[in-house]
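> Following is a predicted model, sequence given first.
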Amino acid sequence: MFPIVISYYTQNTPYEKEIQNLIDSCKKFELETSIDGVDSFGAWELNCAYKPFFILKKLNELKKPILFVDADGIFVGKPSWQEAFSSDLAVRQDPKLPDDHPSKVISSTIYVGNGERARDLVKYWAMQCQKSLLDPKRQEEFWDQIALRDAILENPSKAKISILPLSYAKIFDHPDDCQKVSEPIIEHYQASRRFKNFI
């Protein structure tokens, strides 16, 4: 069975319109969804940092495996069950990049299983988000994917982690992605480029 597609968007922002593309694409492929509008936390960084907390909330509510898709994602091909979905967590990773690279992990699409090890890993990710945001020495912009990268590297819950197929997390205009993926399942349209300064 394909996991439930979950996402959230900040209400009264351009993301409220953006999410409709994801909703419509899920309807097209008859995918079960659980998508919520949330109040903005007052900054783009804080809204992004809510991601692991939202995933935990949905795991506890739905008690089923989930596939988190950012609000700017669209299903452009018919999805199917993937071997990566037998893991506790699956996310796009670039094995060619060093472990400390900010784009080592891309958190636009994330599979999370319905198990304790998966939950514990997401909880640790949430802690890493808080740690990064509260660091008084922080000078760089916060990215939730960096906190997820660190959680995966440390992996205190010993969760089984897999690399999600690139076709499930393709960036629509990334030259390398376009060269490697001819038939994507999910494309992401990088809404943060357009809306980050609006929020």
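Great, that's in hand.

> could you list every residue that touches the residue nearest to Leu166 when sequence neighbours are not counted?
Spatial nearest neighbour of Leu166, chain neighbours left out: Val181 (5.4 Å); criterion: C-beta to C-beta, 6 or more residues apart in numbering. (C-beta placed from N, C-alpha, C; glycine too.) Contacts here follow C-beta atoms under 8 Å, 6 or more residues apart in numbering; on that basis Val181 touches 166-167, 170.

> Quick check: Val181 vs Asp135, distance?
35 Å (C-beta to C-beta, to the nearest Å).

> cool, and Glu183?
From Glu183 to Asp135 the distance is 41 Å (C-beta to C-beta).

> got it, and Tyr8?
25 Å.

> higher neighbour count, those two?
A direct count of neighbours by other C-beta atoms under 10 Å for Tyr8 and Asp135 places Tyr8 higher, at 23 against 11.

> pretty sure the more buried one is touching Lys57, no?
No - if you go by C-beta atoms under 8 Å, Tyr8 and Lys57 don't touch, sitting 9.3 Å apart.

> dump the residue contacts of Ile161.
87-91, 121, 152, 155.

> so what's it closest to, chain neighbours aside?
Using C-beta to C-beta, 6+ apart, the closest residue to Ile161 is Leu89 (5.2 Å).

> which helix is the longest one in this protein?
Scanning the chain for the helix with the most residues, using DSSP state H, yields helix 116-134.

> ok now that helix, how far from the chain's centre?
From the chain centre to the centre of helix 116-134 is a distance of 14 Å (C-alpha atoms, centre = their mean, to the nearest Å).

> Hmm, Arg149 and Pro98 touching each other?
No - with contacts counted by C-beta under 8 Å, Pro98 stays clear of Arg149, the gap being 10.8 Å.
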